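Asks: here you go, sequence then predicted model.
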Amino acid sequence: MNKNYFMIGIGMVFIVFTIFFVSAGCCEKTIDGFWCQDTTVDQCDTGFLSTTSCAQTTFCTSAGTCIDSAKGACTENSYKLECESGGGTWENKYKEDIAMCQEGCCIIGDSAGLRTYVECKQLASDYGIEINFRGDIKDQNSCFDLSYVTEKGACVYEKDYVTNCEFITKEECLQKQSVSSGEGGVISNLIGGKSETAERATFNSGLLCTAPGLSDCAVSSKTTCEDYKVYFLDTCYNLANIYDSRMYTENENQWTKEMRDYWTYIKEPTCTVDGPDADCGACEFLGGTTCSAYRRGEQGMPNQKPLGDYVCKDLACYYDVHNDGIKEKYEHGESVCAESEGTYFHIPLVEERDENLRKDLKDITKYNLPGSRYYKLQCWNGEMKPQPCRSYRNEVCEETDLGSGYMMASCVVNDWRGCFEIANKEDCEDDVVDCKWIPGYRFDYENFKERDHKDEQGSCVPLYAPGFDFWEPESDAHALCSINSLVQENVVYEQPWFGTKRSDFKDVDTKDAAHRCFENCYAIPDYGKDLTASFLEEFQLGSDKLPSGKLKNYYLSEREGYYCLKDRNEPDTINNLKVGGEAGDEIQCASRNWLDVDRRRVKLFYTYDQWLNSVKQRAKSLGDCGVKDNFVETPGQDGSELITVIFQKLDQDLGVKENGTIETIWIGDKRIDGYRNIGGGLEEDLDDIEPSWEYYEIEE
Amino acid sequence: MGKRGQVTIFIIIGIAIIAIGVLIYAFYPQIQSLIKPESKNPAAFMQSCLEDKIEETVEILSLQGGSVEPEGYYLYEGNKLKYLCYTNQDYQLCGIQISFLRNHIETEIENEIAEEIDACFTDLKDSYEKQGYDVSLTKGNTTVELLPEKIMTTLTNELALTRGDTERYETFRIVLNNNLYELIGIANSILSWESNYGEAEPLIYMGIYPYLEVEKFKQIDDTKVYILTNINTGDKFQFASRSLPFPPGY
């Protein structure tokens, strides 16, 4: 076979294989049973359309409304295919733009809800009542307010020659009269099964059954729960007005006109409830009280016994949020951030923060640890319920005091991804973003050398380190962890003319190495020890101020940051530099080329500690990569946080002549003692080598 | 103990058994109808025969997002919660997976109780035939309707009982008190928020409807499990939604 044909064949097979197994597109229905998902062909059950996303199709866009004309139901954001498969009609319009889908307030009996006209008509028909549809009312609250506005009163009727009274609506009262003539609704006839024989019914609007002269129903101290409030009951078990202990007495002589009126007319309560109450039944659910059977000593109960069996119970919660053994009180509806392990407790809203928050959150060993998650605690109905925020710390819990210590918490999106777009300190630490600035390396590896770029020399990282699923083989975490957490650094230092075998390196201590260093000296362990970074910055940028004592006592290079250009006409880049050398009391460039231009530069770091802390802060702030101890203090994998070194043989032009092996000098927080004794490096003479390079990397 | 003592005990036990039997017979008409269906009340027989099955089906549906055998579900505490709104794409809003949830649930109940309906009618027929009736039964349609505070199942099977006179029954209605209608209304509203904004706030609903408890549990893959409970009746409806998911990483 011709070799070219064979290769083409192989290529075709590969292409077909790739299309079949790798193609992604819109699938009508997946094998898992989901409608209209963008997926690969192997996950598709029916109707795979390759190369097109669902949003671009007509049959799988969700930007439409599905209409059930018979029942008047409308569902927005439906897929056309799914809609039509269920017998609906799909329209590429918003619900608000379709006349049939306009909702109004549908009142059925004493309940109300938002429905379309057709839905309301159907419901009214089911209940055998006239449709009561208010198309002008569009919001749920206003509609809900109409639920109980139906006029009620004392319905007096005779049954089997006995006068009865019921506290009901006018409509129900009239129905009582008509029941005997068989005009009841479908359900009341078939299901209710009551066979009344009322001959005539009189509706007394606004009166109670205990009104004088209406019936034998009399006042009583009995109470019941209705609509979350406590109501008086008369002796016929009809509802009266809201319970108010001042409006009832066993002593006939103590009854006042106000009390008699309260048992005659429908009246608004004159008492109010603010907490557990045994005297007033005007409980307010949203205000934190509700009707409940009285159980002495139970949480939320008043101390005293009520007249009847029911009281307004306090719905507050008692919960030990601070884990100090003391239960604090939280009002019904109040919410607070939980103190879950490994998170930062009680983060205030953006506008209420002070600088301490950022300062605290820089402690990467204490907050936002792997596995930790933010939770909101919601007090409702006397119970404190935890509501988890998004996992992987994609949300954090923030809270604020709405006044008088009433707290409100919410899960807020942690926009950590946005931090990487910010490239200067001012924007990074703006109050409106949850990021922090780590001076040092930039994500684009650019290295500004001028002082006025100092606030751009660093990385903007998340204030709340996100979580990654680093344990999953296909996870994005690996790329994120390896790219953003890997640091390479080159240290240039001069070797002595004698004793320059690789094996002799063990005898050169880090102080000597520091003295001989030209470039990126901060990567030499102990560099700048006993000196501050700010002091060294001034010193190395030309200050006359020297450290007290002899310079050679410090882990310090006098020549750090001093350069010459190889070619003065070329840009000031690393490829165009030569490092300086000592000549008497002067620092000169190694080549001593009279064309050289000497200069000093702003350095990324001035001490070893500063460098190491910055690298570790940056790496650990980027997210969970399996290194950090997790929120239950299980140690991370130290082995992936390490510093390795490689010795390379360089020529005079700094080109690599020969590579050595990589040696680990630092794992986690521990320096490997005697690392310089590790064999395997370059063993031959390095007599002609000056300077040499070290290569460091840190992985998180 | 003497023989007279033993006899006394047996008499007391006998009287107690008879008394219990009389009480059950007198106060539990449903038990009566199970033992012996009343000729005048085949509707009560059907209600009694079917309500357990309907109740059981409704419970399963309520715990599984409205489907008996859900496709596309999230396994939550042993229950297969149907995703009623779903996207597999990060940062995307979900699309509704069942446009008319109420219709869907009604159909699910109809399908699930179909066999039981036939069995109940067969039992009813046998029972009357044993009592000497000539029974004519014509199969009709089954309609399940979710209505406020109840679920109504309407059977249009025609039943004619003849023993001298002929009694005809054309419609049977089985009613189950349940708040699924209201819970589905809330679920639809939550789904509208999910599909438009990616999330719904439970407190909004609980503030308007004090009888309602809405719980939202965010899962590790950003699936949200919603559990709606009527705290007065204990009726529950739970489902899953995945909208605007954020991945771990980018």
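Replies: Nice, thanks for sending it over. These figures come from a predicted structure and were not determined experimentally. Residues are numbered from 1 along each chain as shown, chains lettered A, B, ... in the order given.
Asks: and residue 53, what's its pLDDT?
Replies: Since no chain was named, I'll use chain A. Note on A:S53: pLDDT of 87.
Asks: I was after chain B.
Replies: pLDDT recorded at B:K53 is 95.
Asks: one more: the one 5 residues further on?
Replies: For B:V58, the pLDDT comes out at 97.
Asks: in what helix or strand does it lie?
Replies: helix B:42-63 (DSSP states H and E).
Asks: what mean pLDDT does stretch B:95-110 have?
Replies: Here stretch B:95-110 scores 96 as its mean pLDDT.
Asks: dump that stretch to CSV, restricted to CA.
Replies: The C-alpha trace of stretch B:95-110 is given here as CSV (Å, rounded to 0.1, in the frame of the first residue of the first chain):
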residue,chain,number,x,y,z
GLY,B,95,-34.0,25.6,31.7
ILE,B,96,-37.3,24.2,32.9
GLN,B,97,-37.4,20.4,32.6
ILE,B,98,-41.2,19.9,33.1
SER,B,99,-43.2,22.8,31.8
PHE,B,100,-46.5,21.9,33.4
LEU,B,101,-45.6,20.3,36.7
ARG,B,102,-49.2,20.1,37.9
ASN,B,103,-50.4,18.3,34.8
HIS,B,104,-47.3,16.0,34.9
ILE,B,105,-48.1,15.0,38.5
GLU,B,106,-51.7,14.5,37.7
THR,B,107,-50.8,12.2,34.9
GLU,B,108,-48.2,10.4,37.1
ILE,B,109,-50.9,9.7,39.7
GLU,B,110,-53.4,8.5,37.0
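Asks: buried ones in it?
Replies: For stretch B:95-110, a neighbour-count test (16 or more other Cβ atoms under 10 Å in any protein chain shown) marks B:95-106, B:108-110 as buried. From N, CA and C alone the C-beta is placed, and that goes for glycine too.
Asks: C-alpha coordinates for the helix holding B:V58, CSV please?
Replies: Extracted C-alpha coordinates of helix B:42-63, given in CSV (Å, rounded to 0.1, in the frame of the first residue of the first chain):
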residue,chain,number,x,y,z
PRO,B,42,-70.2,2.0,46.3
ALA,B,43,-68.6,5.5,46.3
ALA,B,44,-67.5,4.9,49.8
PHE,B,45,-66.1,1.5,48.9
MET,B,46,-64.0,3.0,46.1
GLN,B,47,-62.8,5.9,48.3
SER,B,48,-61.8,3.3,50.9
CYS,B,49,-60.2,1.0,48.4
LEU,B,50,-58.2,3.6,46.5
GLU,B,51,-57.2,6.3,49.0
ASP,B,52,-54.2,4.4,50.5
LYS,B,53,-52.8,3.8,47.0
ILE,B,54,-53.3,7.5,46.1
GLU,B,55,-51.8,8.6,49.3
GLU,B,56,-48.8,6.4,48.9
THR,B,57,-48.3,7.6,45.3
VAL,B,58,-48.6,11.2,46.3
GLU,B,59,-46.0,10.7,49.0
ILE,B,60,-43.6,9.1,46.6
LEU,B,61,-44.2,11.9,44.0
SER,B,62,-43.8,14.6,46.6
LEU,B,63,-40.4,13.2,47.8
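Asks: so which elements touch that helix?
Replies: Counting contacts by 3 or more Cβ pairs under 8 Å, 6 or more residues apart in numbering or on different chains; DSSP states H and E, helix B:42-63 packs against helix B:29-35, helix B:101-130, strand B:150-155, strand B:172-177, helix B:180-197, strand B:236-242.
Asks: what are the contacting residues of the helix or strand just after that helix?
Replies: Downstream of helix B:42-63, the first helix or strand assigned by DSSP H and E is strand B:73-76. With Cβ atoms under 8 Å, 6 or more residues apart in numbering or on different chains as the test, strand B:73-76 has contacts from A:33, B:64-65, B:67, B:80-83, B:217, B:219, B:223, B:225, B:238, B:240, B:242.
Asks: about what we covered before: how big is the angle separating the helix holding B:V58 from strand B:236-242?
Replies: 30 degrees (axes from the mean of the first three to the mean of the last three Cα atoms, to 10 degrees).
Asks: what's near enough to touch the residue of chain B found nearest chain A?
Replies: Closest to chain A within chain B is B:E71: 2.5 Å, counting by Cβ to the nearest Cβ. B:E71 sits next to A:32-34, B:82 when contact means Cβ under 8 Å, 6+ apart.
Asks: quick check: A:T39 vs A:D32, distance?
Replies: 9 Å (Cβ to Cβ, to the nearest Å).
Asks: show me which of those two is the more surrounded one.
Replies: Neighbour count, other Cβ atoms under 10 Å in any protein chain shown: between A:T39 and A:D32, A:T39 has more, with 21 against 15.
Asks: ok, the more buried one touching A:E28?
Replies: No. Counting by Cβ atoms under 8 Å, A:T39 stays clear of A:E28, with 10.7 Å between them.
Asks: returning to what we had before: which among the contacts of strand B:73-76 end up buried?
Replies: With burial judged by 16+ other Cβ under 10 Å, the buried subset of the contacts of strand B:73-76 is A:33, B:64-65, B:67, B:80-83, B:217, B:223, B:225, B:238, B:240, B:242.
Asks: among those residues, which one lies nearest to A:S215?
Replies: Checking these against A:S215 with Cβ to Cβ, the nearest one is B:Q238 at 47.0 Å.
Asks: would you confirm that the closest one contacts B:I227?
Replies: Yes. Counting by Cβ under 8 Å, B:Q238 does reach B:I227; the two are 4.4 Å apart.
Asks: looking at chain A, what residue ends up closest to chain B?
Replies: For chain A and chain B, the shortest gap (Cβ to the nearest Cβ) falls at A:G33, measuring 2.5 Å.
Asks: for the closest residue to that residue other than its chain neighbours, phi and psi?
Replies: Nearest residue to A:G33 in three dimensions, chain neighbours excluded: B:E71, at 2.5 Å (Cβ to Cβ, 6 or more residues apart in numbering or on different chains). Main-chain dihedrals, B:E71, degrees, to the nearest 10: phi -100, psi 150.
Asks: do you know how far B:E71 is from A:C26?
Replies: As judged by Cβ to Cβ, B:E71 and A:C26 stand 18 Å apart.
Asks: what of B:D118?
Replies: According to Cβ to Cβ, B:D118 stands 42 Å off from A:C26.
Asks: same question, B:L203
Replies: B:L203 is 37 Å from A:C26, by Cβ to Cβ.
Asks: the more surrounded of the two?
Replies: Per other Cβ under 10 Å, whichever of B:L203 and A:C26 has more neighbours is A:C26, with 23 against 17.
Asks: hmm, the more buried one is touching A:D38, no?
Replies: Yes. A:C26 lies in contact with A:D38 (Cβ under 8 Å); the separation is 5.8 Å.
Asks: okay, and the common contacts of the two?
Replies: A:53-54.
Asks: within the helices and strands, which one has the closest residue to B:Q219 other than its chain neighbours?
Replies: In space, and not counting its chain neighbours, B:Q219 is closest to B:V225: 6.4 Å by Cβ to Cβ, 6+ apart. Assigned by DSSP H and E, B:V225 belongs to strand B:223-230.
Asks: residues contacting A:N323?
Replies: Residues near A:N323 by Cβ under 8 Å, 6+ apart: A:E339.
Asks: for it, what are phi and psi?
Replies: A:N323 has phi and psi values of phi 50, psi 40 when expressed as degrees, to the nearest 10.
Asks: got the confidence number for it?
Replies: For A:N323, pLDDT reads 91.
Asks: repeat for A:G584
Replies: Taking A:G584 on its own, its pLDDT is 50.
Asks: over to the one 5 residues further on?
Replies: Among the per-residue scores, A:C589 holds a pLDDT of 61.
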